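Asks: quick one: sequence and predicted model below, then my questions.
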Amino acid sequence: MCRDCCCGSSKVTGVDHAAQTARLRAEVPVRVSECLDVCEQANVIVVQPSAAGRSAGARPVWLGLVNDADATEDIVTWVHAGGPGVAPLPDILDLYTFTPPRRRAGS
């Protein structure tokens, strides 16, 4: 999960960023990242596939504009069900998915 210049900051209003981070950490493994260079999508959460998901060919799923508690709960539920490559992406989370821009070499 991104927590840097925009994500997790007062730039995204109406979100209890600490509560969102704590909720995710209480339920699933979380790695906090510095800026992922997609600030227009703040708050960004990238769901990595499990070993089983990777074996099935799954790739990370990028979710943007995760700015309400219901979306956070939907992510927790999906990860508990197996996440990418194991459990189908819930239709509601499909609204949050985006493809990050390719990074230039050396970025």
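Replies: Happy to help now that I have it.

Asks: show the average pLDDT along the longest helix anywhere in the chain.
Replies: Counting residues, the longest helix found in the chain (DSSP state H) is helix 69-81. Mean per-residue pLDDT for helix 69-81: 98.

Asks: buried stuff in it?
Replies: For helix 69-81, the neighbour count (16 or more other C-beta atoms under 10 Å) marks Ala71, Thr72, Asp74, Ile75, Trp78, Val79 as buried. Any C-beta I mention is one placed from the backbone N, CA and C, and that applies to glycine too.

Asks: ok, residues contacting that helix?
Replies: 19-20, 23-24, 27-28, 45, 47, 63, 66, 87, 89-90, 92-93, 96 (C-beta atoms under 8 Å, 6 or more residues apart in numbering).

Asks: off-centre distance for it?
Replies: 10 Å (C-alpha atoms, centre = their mean, to the nearest Å).

Asks: would you map the strands across this structure?
Replies: 45-47, 61-63 (DSSP state E).

Asks: which of those strands sits most buried?
Replies: The highest average neighbour count among those, using mean count of other C-beta atoms under 10 Å, belongs to strand 61-63 at a mean of 21.

Asks: done for today, thanks.
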